[in-house]
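Visitor: Coordinates for the following, if possible.
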Amino acid sequence: MRRGSEATSGVVEECRRRGADCAQVFLSNPRGWAAALLEEAGDAHLGICLDVCHLFATGYSLDEPGGVEALFAELAAHGLTDRVALVHANDSEFPRGDRRDRHSPIGEGHVGVEGWRVLLSRSEAAAWPFVLETPGDAESHAAQIALLRALAPASRSGPSDQGWNSARGPSW
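Guide: As a prediction, the model looks like this:
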């Protein structure tokens, strides 16, 4: 995986156990556990993976513009924006804060199309690679990727077979 001119040597996902508030503890802990973990590891090439459903399940309001803004502000406050090495693109079968990690196809869950539109409109997201992590077959996955591309700002959408124009991502 490449991030600009640097290679990422590893990625830590923000959730380690099911049914718990692990994403919230990992990112919003007053001591900034994610930042502390990366600092303790001492590897500048170690990044974090954000899973949209995990974040939503722990209460991040990714279905509202203000909630997306709050997530990006939190990442910036802990110096994590540039350490995001991967995003698991998925929607959530259950409502925000329900603490259940059940992925839904993009736009068919509680994050919804508008939540994804707001998230993808953030300039920071243009630097992050996204991996679709949803149920479905190849046809469903192709449709979800097309939807994500359509939700991306026009200035970042490239030809449908090449992902975004940004040199660093996302590529679907």
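Visitor: contacts and neighbour counts: CA atoms only from here.
Guide: Noted.
Visitor: Would you mind listing the buried residues in stretch 140-156?
Guide: Residues of stretch 140-156 classed as buried by neighbour count (16 or more other Cα atoms under 10 Å): 141, 144, 145, 147, 148, 149, 151, 152, 153, 156.
Visitor: cool, stretch 56-71 as well?
Guide: Of all the residues in stretch 56-71, those buried under the rule 16+ other Cα under 10 Å are 56-64, 67-69, 71.
Visitor: and the end-to-end length of that stretch?
Guide: 11 Å (Cα to Cα, to the nearest Å).
Visitor: Over to stretch 37-45?
Guide: This stretch, stretch 37-45, spans 13 Å end to end (Cα to Cα).
Visitor: if we can go back for a sec, just flag the most distant two among the buried residues of stretch 56-71.
Guide: 57 and 69 (17.1 Å; Cα to Cα).
Visitor: If we go by neighbour counts, what in stretch 42-50 is buried?
Guide: Of all the residues in stretch 42-50, those buried under the rule 16+ other Cα under 10 Å are 45, 46, 47, 48, 49, 50.
Visitor: Three-state assignment for residue 145, please.
Guide: At residue 145 the chain is in helix, as set by DSSP: H, G, I helix; E, B strand; the rest coil.
Visitor: the bottom helix or strand of this protein by mean pLDDT?
Guide: When each helix and strand of the chain is scored by mean pLDDT, DSSP states H and E, strand 2-3 comes last, with a mean of 41.
Visitor: Point out where this protein drops to low pLDDT.
Guide: 1-31, 155-172 (pLDDT under 70).
Visitor: any idea which residue sits dead centre in it?
Guide: Central residue of the chain (Cα atoms, centre = their mean): residue 87, 3.5 Å from the mean position.
Visitor: Nice, that's everything, thank you.
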